[in-house]
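In: 3D model of this:
(2 chains)
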Amino acid sequence: MNAIVVNNLTKTFGSFMAVDHISFHVTKGEVFGFLGANGAGKTTAMRMLCGLLKPSSGEGRVAGFNIDTESEEIKKHIGYMSQKFSLYNNLTIRENIRFYGGLYDIPKKELKQKTDELVEQLGLTSYTDKLVQSLPLGWKQKLAFSVAIQHSPEIVFLDEPTGGVDPITRRQFWDMIYETAHNGLTVFVTTHYMDEAEYCHRVSIMVDGKIAALDTPNELKKIFETENMDGVFRKLARRAKRNE
Amino acid sequence: MISIVDITKTYEKGKITALSSINLTVNQGELFGLIGPDGAGKTSLIRIIASLLKPDAGSVSVFEYDTQKEYQQVRNSIGYMPGRFSLYQDLSVEENLNFFANVFRVDVEQNYHLISELYDQLAPFKDRRAGKLSGGMKQKLALCCALIHEPRLLLLDEPTTGVDPVSRNEFWYMLLKLKKRGITILVSTPYMDEASLCDRVALMQSGTILDQGTPSDICKQSGLVLYSIDSNQSFHLMQAIKEYTNTNTCYAFGSSLHINLKDNEIEGLMSYLSAKGFSGLDYIMIDPGIEDVFMEKLNQVA
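Out: Presented below is the predicted three-dimensional model:
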């Protein structure tokens, strides 16, 4: 089954083609890496997939819903987390969980139980009523991820989730991603860490609004005759003609 | 050049310690890196050096000027590029540059040679508002504005954060060129791989310095014995290795696993793995990199 199907998806801003006829699919339970240089069109594409931006042409379905006509349904069935904004610093851990649970209409009783489970899993039980700002960044990111998937979405979009995180926490975060994907959640992730690209089942690389390559990390390394994903990325990104 | 002595900085009436007893020296002409994750104290330290923030205790001197008593002289001789885009979004590229030149009472034409290589790429967009530039262009403009008064010291706070690997490469190439001109550069970054491009680095975490020195000395002196196993089945393999009694640490590095063993007996691990049903595995002994050492130091602290 496919969690995301996209055909000839295009977005233009005036005469500028930010996303240029991209087509791909993501299967259920897959960890899909969405890479590209700054300005390649990643954010625009991702905003369309999340139902936040209308495509200029082409079509796409996310969690079975049409990204053009059913964007509200999409928002209910996906989770989203970014490094830049994830949790409210001046709310407690409990309040943050309750706030997001409320947004997604999780029934009160269920939410209470879920909150307890969630903080216990993360080992944060004694911090439940502390402000989020008092948490170390690594814990914050793990909590943000858990909050983003507490309404049991079919797909979670992670936009540079590990930016600025220490190397150990970064790896623990990927352990969490793997575990949830193993349980059937589809993960769509962007990153600037090329070692993380190796942890994805499949990776797409955008160049100048188009998908320039899409395959498993191993196949990509074979095709581009390099030892690691960093080499693949460099070979592709250097082809870019768009002067930012 | 920069001498940092026992710097401590707290926020919120002492509740949050950003820096605790930091000692550091940056030499003339050096490219020095502050390497560490968010919250390590990098920005606080750079702002103290730039005389924009007062430490609770300790002192900093830049070119023998005290950053608290002689901040005027300090400010005249440094170029500072903050982490967040600091230019005027509503002014054009050219207006921003002129503004910074005016503040420092220098003439753009006279000092143009300092920025010509960078600014030539921006010139076609000189009438565009800074807020409308792409990320990479903003960064170049910010660097031009920090360089126009011919500073002897550049302070760059996370110039490459959120920047893709190819653009990061280009930025470092520019830094190395500036270094050749004799400008001393202090740069902070959360990317461990950038450490190897610095003459010396300080590894920072939670307001302390875990280690400092040249990248190669730090790696050599760590004494860390590491084996690397390549694998397409990393996840299950890693689980198995972590369960092995003599495993100290096992971390994924792209498609490889870096393993440190309590007894350094790799053959023991290999026979354990083959008994577990893993076949066709090869190992090599590797020299630890900065990221390996950083994680090792984090574990020592914890």
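
In: so where's chain A uncertain?
Out: With pLDDT under 70 as the threshold, chain A has low-confidence stretches at A:85, A:243-244.

In: in the stretch 51-200 of chain B, which spans are strands?
Out: In the stretch 51-200 of chain B, the strands defined using DSSP state E, counting those that start in this stretch lie at B:57-62, B:65-66, B:78-81, B:153-156, B:184-189, B:200-205.

In: so which of these gets nearest chain A?
Out: Distances from chain A to each of those were compared by CB to the nearest CB, and the smallest falls on strand B:200-205, at 6.7 Å. Quick note: C-beta positions are derived from backbone N, CA and C, even for glycine.

In: how about the residues of chain A near chain B?
Out: Of all the residues in chain A, those in contact range of chain B (CB under 8 Å from any CB of the partner chain) are A:36-39, A:136-138, A:160, A:163-169, A:171, A:174, A:178, A:192, A:194-195, A:197-199, A:217-218, A:228-230, A:233-234, A:237-238, A:244.

In: before we move on, back to that, may I see the strands of the stretch 51-200 of chain B arranged in JSON lines, with mean pLDDT, distance to A:Ala45 and mean neighbour count as well?
Out: Written out in JSON lines, the entries for the strands of the stretch 51-200 of chain B read as follows (pLDDT from 0 to 100; distance: least, CB to CB, whole Å; neighbours: other CB atoms under 10 Å in any protein chain shown):
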{"stretch": "strand B:57-62", "mean pLDDT": "96", "distance to A:Ala45": "45", "mean neighbour count": "19"}
{"stretch": "strand B:65-66", "mean pLDDT": "96", "distance to A:Ala45": "50", "mean neighbour count": "16"}
{"stretch": "strand B:78-81", "mean pLDDT": "95", "distance to A:Ala45": "30", "mean neighbour count": "23"}
{"stretch": "strand B:153-156", "mean pLDDT": "97", "distance to A:Ala45": "31", "mean neighbour count": "23"}
{"stretch": "strand B:184-189", "mean pLDDT": "97", "distance to A:Ala45": "28", "mean neighbour count": "25"}
{"stretch": "strand B:200-205", "mean pLDDT": "97", "distance to A:Ala45": "35", "mean neighbour count": "24"}
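
In: would you mind giving the ones you listed as JSON lines with distance to chain A added?
Out: What follows is these, written out as JSON lines (distance: least, CB to the nearest CB, whole Å):
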{"stretch": "strand B:57-62", "distance to chain A": "24"}
{"stretch": "strand B:65-66", "distance to chain A": "32"}
{"stretch": "strand B:78-81", "distance to chain A": "17"}
{"stretch": "strand B:153-156", "distance to chain A": "16"}
{"stretch": "strand B:184-189", "distance to chain A": "10"}
{"stretch": "strand B:200-205", "distance to chain A": "7"}
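
In: ok, which of those strands comes nearest A:Val119?
Out: If you check each of the strands of the stretch 51-200 of chain B against A:Val119 by CB to CB, strand B:200-205 wins as the nearest, at 25.2 Å.

In: what is that closest one packed up against?
Out: Under the contact criterion of 3 or more CB pairs under 8 Å, 6 or more residues apart in numbering or on different chains; DSSP states H and E, strand B:200-205 touches strand B:31-35, strand B:208-213, helix B:215-221, helix B:290-301.

In: ok, residues contacting the third one?
Out: Spelled out, it's helix B:215-221. By CB atoms under 8 Å, 6 or more residues apart in numbering or on different chains, the surrounding residues in contact with helix B:215-221 are B:195-196, B:198, B:200-201, B:203, B:211-213, B:287-290, B:292-293.

In: also the second one?
Out: When contacts are defined by CB under 8 Å, 6+ apart, strand B:208-213 is touched by residues B:20-24, B:41, B:200-204, B:218, B:221-222, B:293-294, B:297-298, B:301.

In: how about the strands in chain A?
Out: With DSSP state E, the ranges of strands along chain A come out as A:2-13, A:16-27, A:31-36, A:57-62, A:65-66, A:78-82, A:155-159, A:186-190, A:202-207, A:210-215.

In: would TSV of the strands of the stretch 51-200 of chain B with distance to B:Lys177 be doable?
Out: Formatted as TSV, the entries for those read as follows, by distance: least, CB to CB, whole Å:
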stretch	distance to B:Lys177
strand B:57-62	23
strand B:65-66	27
strand B:78-81	15
strand B:153-156	12
strand B:184-189	11
strand B:200-205	19
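
In: among those strands, which is nearest B:Val103?
Out: Distances from B:Val103 to each of the strands of the stretch 51-200 of chain B were compared using CB to CB; the shortest belongs to strand B:78-81, at 12.0 Å.

In: that closest one - contacts with which helices or strands?
Out: For strand B:78-81, the packing partners by 3+ CB pairs under 8 Å, 6+ apart are helix B:135-147, strand B:153-156.

In: of these, which is nearest A:Thr12?
Out: Ranking those by their distance to A:Thr12 (criterion: CB to CB) puts helix B:135-147 first, at 20.6 Å.

In: helices or strands up against that closest one?
Out: Applying 3+ CB pairs under 8 Å, 6+ apart, one finds that helix B:135-147 contacts strand B:78-81, helix B:93-103, helix B:108-122, strand B:153-156, helix B:165-180.

In: buried stuff in that helix?
Out: By neighbour count, and taking 16 or more other CB atoms under 10 Å in any protein chain shown as the criterion, the buried residues in helix B:135-147 are B:136-147.
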